[in-house]
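> Structural data only, the sequence is not supplied:
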């Protein structure tokens, strides 16, 4: 095997500090596997790092990519549950403190020392990646890697809506932000029995809003959201708002749209200060629930849902490309032309 490979490296915080470089093929530890990357999906956080609009620490230079699957080509001597040739996907918590009280509860996604692929350690927008055995899940033989690579964003959405959220059959639900996570959250809300599902965005989101309608949204709006909400039922607001937008300003819309004693689930990152008060949150006695990442049981359930077709990704994946075509994929995802682009580094 050769010693280097092409990798998509984020090398500084300045906008567009991303380029293809020759990088070393990683050496694995005793509890790791070396994974040949068969598919890696582009996440909104990859775009934030590319544009320099992030709100988390990056260990520069770092290979991007945390939504991925592949085939094991080498195992460390202490790896017991997997072997060469296995088809797998990987969770994102590349480094955790196994003594942390959160890790011991199975909530390692909330371990403050956690480091993830693509920002804390090198990710999978390359040909081979080093992965701890504890991160791995088997991929059924009939599931294409392009879809398996989306287990991670589907798990983010499942954790937000079905674990941290309380969507019940018949609920009126508003999803703010029709990006990949927002659309997957809308899908989870529909699977959870949402009685009336609304997705909203900006005029630039027209293509993604069209996908929201195809995924089962009753309405996909570019404007007039509060007027629409006031016409629903008793006019007091929606039961659940899922804020999946990448800006802080949308929290104000969420507070205006949610009904008294309702719930706001915040899953989108936004580094900007709020610039408005939270009194409506108090006045309405609203539950504000943050949701971050996912853990082992969520992954197992989501993989089975993708494999069975219960989670249908056909409308979400718009492009499968070579790694060398990364810039076109990033640009078109940023412009809203693609919901998801998946790259095949090998």
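Yep, it's here. This structure is a prediction, so every number in the text was calculated from the model and none was measured.
> can we go C-alpha only for contacts and neighbour counts from here?
Fine.
> Could you break the chain into its assigned domains?
4-154+294-344, 165-290 (automatic domain parsing).
> pLDDT on the longest one, on average?
For domain 4-154+294-344, the per-residue pLDDT values average out at 97.
> could the domains of the chain be laid out in JSON lines, adding mean neighbour count?
Formatted as JSON lines, the entries for those read as follows, by neighbours: other Cα atoms under 10 Å:
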{"stretch": "domain 4-154+294-344", "mean neighbour count": "19"}
{"stretch": "domain 165-290", "mean neighbour count": "20"}
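> So residue 21 is in contact with residue 9, correct?
Yes: distance between residue 21 and residue 9: 6.6 Å, which falls inside the contact criterion (Cα atoms under 8 Å).
> Quick one: end-to-end distance for stretch 9-20.
The first residue of stretch 9-20 is 6 Å away from its last residue (Cα to Cα, to the nearest Å).
> what sits up against that stretch?
Where contact means Cα atoms under 8 Å, 6 or more residues apart in numbering, the residues beyond stretch 9-20 that reach it are 6-8, 21, 49-53, 60-64, 324.
> Likewise for stretch 140-155?
Counting contacts by Cα under 8 Å, 6+ apart, the residues outside stretch 140-155 that touch it are 38-41, 43, 66-70, 87, 89, 91-92, 139, 180-181, 184, 293-294, 298-299, 302-303, 306-307, 313, 320, 342.
> one step back: so which of the contacts of stretch 9-20 are in helices?
49-51 (DSSP state H).
> ok so, going back, just the ones of the contacts of stretch 140-155 in helices?
In this view, the contacts of stretch 140-155 that belong to helices under DSSP H are 180-181, 184, 298-299, 302-303, 306-307.
> Check the residues you listed against residue 78 and report the nearest one.
residue 299 (23.2 Å; Cα to Cα).
> how near is residue 185 to residue 199?
Counting by Cα to Cα, the gap between residue 185 and residue 199 amounts to 10 Å.
> how close does the spatially closest residue to residue 344 that is not a sequence neighbour get to residue 84?
Nearest non-adjacent residue to residue 344, counting by Cα to Cα, 6 or more residues apart in numbering: residue 39, 4.7 Å away. With distances taken as Cα to Cα, residue 39 is found 18 Å from residue 84.
> what ranges do the helices span in this protein?
Listed in chain order, the helices of the chain (DSSP H) span 44-51, 101-104, 145-148, 151-158, 180-191, 206-214, 225-230, 250-257, 279-283, 296-308, 326-334.
> possible to save the ones you listed as a markdown table with distance to residue 27?
Conversion of the helices of the chain to a markdown table gives the following (distance: least, Cα to Cα, whole Å):
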| stretch | distance to residue 27 |
| --- | --- |
| helix 44-51 | 24 |
| helix 101-104 | 26 |
| helix 145-148 | 24 |
| helix 151-158 | 24 |
| helix 180-191 | 33 |
| helix 206-214 | 40 |
| helix 225-230 | 52 |
| helix 250-257 | 44 |
| helix 279-283 | 50 |
| helix 296-308 | 25 |
| helix 326-334 | 25 |
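> Of all these, which one comes closest to residue 273?
Comparing the helices of the chain by their distance to residue 273 (Cα to Cα), the top pick is helix 250-257, with 11.0 Å.
> Turn the ones in helices among the contacts of stretch 9-20 into a markdown table, including distance to residue 76.
Supplementary listing: these in a markdown table, determined by distance: Cα to Cα, whole Å:
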| residue | distance to residue 76 |
| --- | --- |
| 49 | 31 |
| 50 | 33 |
| 51 | 36 |
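> Which member of those is positioned nearest residue 135?
Using Cα to Cα, the ones in helices among the contacts of stretch 9-20 come closest to residue 135 at residue 49, 23.3 Å.
> Tell me who's in contact with the closest one.
10, 13, 15.
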